[in-house]
Structures are given as C-alpha cells and as structure tokens.
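Peer 1: could you look at this predicted model? Sequence included:
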Amino acid sequence: RETTAATEVSQFMRRDMRVFIQGNRHLLQGPTMLTGRAIARIMQALSSPAFPASTWRRSTMWGRYMGTDFEELVKAANRELVWYKTRKATSQ
C-alpha cells in the first residue's frame, strides 16, 4: 500500500502529466509523436533527437521528475495517455 507522501506525489505527477498532455495534444499525431517514453524523458531532462533539450528546456516539465524512477514515469505517462485518449473519444 502506498504511503500518504507517495500518494500525494503520485497525484501531483498525474496532474502534471495531464496538463502536459493537454498542452501538447498537437503532438499526439504525426511524425514526432508524444509517447509515454517521450514524456518520461522530458520530465527527466533527457534530450532526444525528436525532443531536443534546446526546445524543451523552456517547458516547466523539463526535469521536474529527475529523482523519479524512469520506468515508473513511463508507466504513469502511458496510463495518462490512455486516459486522455479515452476521455477524448467518449466526448465526441
């Protein structure tokens, strides 16, 4: 069972991811597609050819979760992407 502190961090992280996804929804399609892994990389300040530091370091999410396990970030981001896409599909 999660501790209260871990639950609070998880809630903040989930909200941050939702805000990030909603603010960058234009990247959910196309050649530079936003994935759970890409979100995790941005949140840990890890540059990539598709999401370079020179562009993303201005984002408030750049490096925000550097102390969080990368694989946990990927899993959480994937869950939030599914939530967003499901929510969007049911609202149409």
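Peer 2: Cool, got the structure.
Peer 1: residue ranges in the chain under the pLDDT threshold?
Peer 2: Scanning the chain for pLDDT under 70 picks out the ranges 1-9, 92.
Peer 1: residue nearest the centroid of it?
Peer 2: residue 39 (3.7 Å; C-alpha atoms, centre = their mean).
Peer 1: which residues does the closest residue to residue 20 other than its chain neighbours contact?
Peer 2: Among residues not flanking residue 20 along the chain, residue 61 sits closest, at 5.0 Å (C-beta to C-beta, 6 or more residues apart in numbering). In short, each C-beta sits where N, CA and C put it, glycine included. Shown in contact with residue 61 (C-beta atoms under 8 Å, 6 or more residues apart in numbering): 16, 20, 42, 43.
Peer 1: ok, residue 63 next?
Peer 2: Contacts of residue 63 were listed using C-beta under 8 Å, 6+ apart, and they are 43, 44, 45, 57.
Peer 1: hang on, the earlier thing: how far away is the residue nearest to the centre of the chain from residue 31?
Peer 2: Counting by C-beta to C-beta, to the nearest Å, the separation of residue 39 from residue 31 is 17 Å.
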